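Q: Have a look; sequence and predicted model below, questions after that.
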Amino acid sequence: MFKPNAFLAAVSVLIALSGCSSNQQSPTTSSASPAPGGQALTAQLHTADGRSVATATFEFANGYATVTVKTTADHILTPGFHGLHIHEVGKCEPNSVDPMMGGAPGDFESAGMHFQAPGHTGEPMSGDLDPLQVRQDGAAYLVTTTDAFTRDNLLAGSKTALLLHGAEHGPDAEKRLACGVIGTG
């Protein structure tokens, strides 16, 4: 059975080992670090009642985005896998409606639908990221890499937002639990 997390870990090790040479970098530096000039983006995810849930960074190098998400408080999120998606509008308003589709109000509906980068028409959507696995104590840490969008894509137009959904296979799986606008500061 194919295990994507094991595969990604193996590929990460191979990439790290392939970078070793006589001009090897120290362990605290990385060739995937953002270029000078502020290539990194961030998002601070909060619940509808304003509690801080997680921080996210987006670092861009060599045509890829490395997305790192880390919870900031324990015991807020339910244990399990939580959907993690970039949405098309950089707004995180509680009790709002979707700006394009309208409909019933709900938490963070102002962020719109899943993000799709210009020119990308396939599935999964450009904004579909790996799920965040939350431990029993409510803590979580995820690092994933994608080439489905660029820094400029995320900042264009109305910007974008990162949303964290309820635990998969639970009653709140589709619920938008936390949201953060993706930006430079």
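A: In hand now; what should we look at? Keep in mind that this is a model prediction, so the values were computed, not measured.

Q: which element follows the helix or strand bottoming out on mean pLDDT in the chain toward the C-terminus?
A: For the chain, the helix or strand with the lowest mean confidence is helix 4-18, at a mean of 42 (criterion: mean pLDDT, DSSP states H and E). With elements assigned by DSSP states H and E, the helix or strand that comes after helix 4-18 is strand 41-46.

Q: Pull out the buried positions in that following strand.
A: For strand 41-46, burial by neighbour count (16 or more other CB atoms under 10 Å) applies to Leu41, Thr42, Ala43, Gln44, Leu45, His46. No exception for glycine: its C-beta is placed from N, CA and C like everyone else's.

Q: same thing with stretch 125-133?
A: So for stretch 125-133, counting by 16+ other CB under 10 Å, buried means Met125, Ser126, Gly127, Asp128, Leu129, Asp130, Pro131, Leu132.

Q: ok, the last one - contacts?
A: Leu132 is in contact with Ala54, Val69, Phe81, His82, Leu84, Ala140, Leu142, Leu164, counting by CB atoms under 8 Å, 6 or more residues apart in numbering.

Q: any chance of those in TSV, plus distance to Lys91?
A: Formatted as TSV, these follow (distance: CB to CB, whole Å):
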residue	distance to Lys91
Ala54	18
Val69	20
Phe81	26
His82	21
Leu84	18
Ala140	24
Leu142	23
Leu164	16
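
Q: would you turn the residues you listed into JSON lines with secondary structure, neighbour count and pLDDT?
A: Conversion of these to JSON lines gives the following (DSSP: H, G, I helix; E, B strand; the rest coil; neighbours: other CB atoms under 10 Å; pLDDT from 0 to 100):
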{"residue": "Ala54", "secondary structure": "strand", "neighbour count": "27", "pLDDT": "97"}
{"residue": "Val69", "secondary structure": "strand", "neighbour count": "25", "pLDDT": "98"}
{"residue": "Phe81", "secondary structure": "strand", "neighbour count": "17", "pLDDT": "97"}
{"residue": "His82", "secondary structure": "strand", "neighbour count": "27", "pLDDT": "97"}
{"residue": "Leu84", "secondary structure": "strand", "neighbour count": "24", "pLDDT": "97"}
{"residue": "Ala140", "secondary structure": "coil", "neighbour count": "23", "pLDDT": "97"}
{"residue": "Leu142", "secondary structure": "strand", "neighbour count": "19", "pLDDT": "98"}
{"residue": "Leu164", "secondary structure": "strand", "neighbour count": "27", "pLDDT": "97"}
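
Q: I am finished for the moment; much appreciated.
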